[in-house]
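Peer 1: Need a 3D model of the sequence below.
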Amino acid sequence: MIPETQTQSRPLSPRFAHALTYAFHLHQHQLRKGSSVPYISHLMSVAALVLEDGGNEDAAIAALLHDAIEDQGGNATRNEIRKQFGDAVLRIVDACTESDETPKPSWKERKLRAIAQLQQAEPAIQRVILADKLHNLRCIWTDWQRQGDRVWQRFNASPADILWFYRACLDAVGDRFSSPMLIELRTLLTNLENSLDNLRGCLKSIACNVKHSEIPPSPP
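Peer 2: The predicted structure follows:
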């Protein structure tokens, strides 16, 4: 049975529209990694998932801005978010920010920090982070169906490491957060893990065939 979620009890205010405009201003020249899709589509999708899962306006605004500090301006953007949208929004955005350091820590170090942060986070923060992960996995799965294993070439980590991170995020939440998003996340992740297993099997078979083809025939 899919768990029920508390729905948004109030209509969105002009404050949300202002956040959407601000997010567009920050990210208008960005595209999704490995595609020609405007980055704002991801931010709007994450905000929609948060609202559909029962998140309030602060959480939805944070969803629109969840990559703003990391990708667009660091501490100056952090101060602007606090000024325009308040500490409640900033707290969620900060929790979604893996790093605004220069140079950035290694991929693995950033992901381990993110997992630890998610494990200790309050439900409002977990909701936004999981919505982000869900939309990312939806896009990976859709692109994998279109492009096959070429989809993994857009990332800075191996397919195994990427899927490890998503699985670790699910494990970090455990049973402390109930949401239909978790069901879809698990399904998509399992599908992608199975596709990776199939890829490994194909590569192993190819390597085996190449090895055998290199063995010279026995003399008569």
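Peer 1: Give the rounded mean pLDDT of the helix or strand that contains Ala131.
Peer 2: If you go by DSSP states H and E, Ala131 is part of helix 123-147. Average pLDDT, helix 123-147: 95.
Peer 1: Could I get the buried residue list for that helix?
Peer 2: For helix 123-147, burial by neighbour count (16 or more other Cβ atoms under 10 Å) applies to 124-137, 139-141, 143-144. Where you see a C-beta, it was placed from the backbone N, CA and C, and this is true even at glycine.
Peer 1: same deal with stretch 170-177?
Peer 2: For stretch 170-177, a neighbour-count test (16+ other Cβ under 10 Å) marks Ala172, Val173, Phe177 as buried.
Peer 1: which one of those residues is nearest Pro105?
Peer 2: Among those, Ala172 lies closest to Pro105 (Cβ to Cβ), at 18.6 Å.
Peer 1: I figured Arg127 hits Asp58, correct?
Peer 2: No: look at Arg127 against Asp58 with Cβ atoms under 8 Å: they stay out of range, at 11.1 Å.
Peer 1: From the buried residues of stretch 170-177, which one has the minimum pLDDT?
Peer 2: When these are compared by pLDDT, Phe177 scores lowest at 87.
Peer 1: Show the residue spans covered by the helices in this protein.
Peer 2: 14-27, 40-52, 57-64, 68-71, 75-85, 87-96, 107-120, 123-147, 159-173, 180-214 (DSSP state H).
Peer 1: Correct me if wrong: Arg32 contacts Ser45.
Peer 2: No: the criterion here is Cβ under 8 Å, and Arg32 misses it with Ser45 at 10.5 Å.
Peer 1: where do the contact lists of those two overlap?
Peer 2: Counting by Cβ atoms under 8 Å, 6 or more residues apart in numbering, Arg32 and Ser45 have no common neighbour.
Peer 1: From Ser158, how far out is Asp100?
Peer 2: If you measure Asp100 against Ser158 using Cβ to Cβ, to the nearest Å, the figure is 25 Å.
Peer 1: Just give the number of residues close to the closest residue to Phe165 other than its chain neighbours.
Peer 2: Spatial nearest neighbour of Phe165, chain neighbours left out: Lys111 (4.9 Å); criterion: Cβ to Cβ, 6 or more residues apart in numbering. Residues lying near Lys111 (other Cβ atoms under 10 Å) number 20.
Peer 1: residues contacting Lys111?
Peer 2: Glu98, Phe165, Ala168.
Peer 1: now, which of those sits nearest Pro38?
Peer 2: Distances from Pro38 to the contacts of Lys111, taken by Cβ to Cβ, are shortest for Glu98, at 21.9 Å.
Peer 1: Tell me the predicted confidence for the closest residue to the closest one other than its chain neighbours.
Peer 2: Excluding its sequence neighbours, the residue lying closest to Glu98 (Cβ to Cβ, 6+ apart) is Arg110, at 4.4 Å. On pLDDT, Arg110 comes in at 94.
Peer 1: count of residues packed around Arg110?
Peer 2: Neighbour number of Arg110 under other Cβ under 10 Å is 16.
Peer 1: Next: Pro103.
Peer 2: Around Pro103 there are 6 residues (other Cβ under 10 Å).
Peer 1: just Val37 next, same as before
Peer 2: Number of residues near Val37 (other Cβ under 10 Å) recorded here: 13.
Peer 1: which residues does it contact?
Peer 2: Taking Cβ under 8 Å, 6+ apart, one finds Leu31 in contact with Val37.
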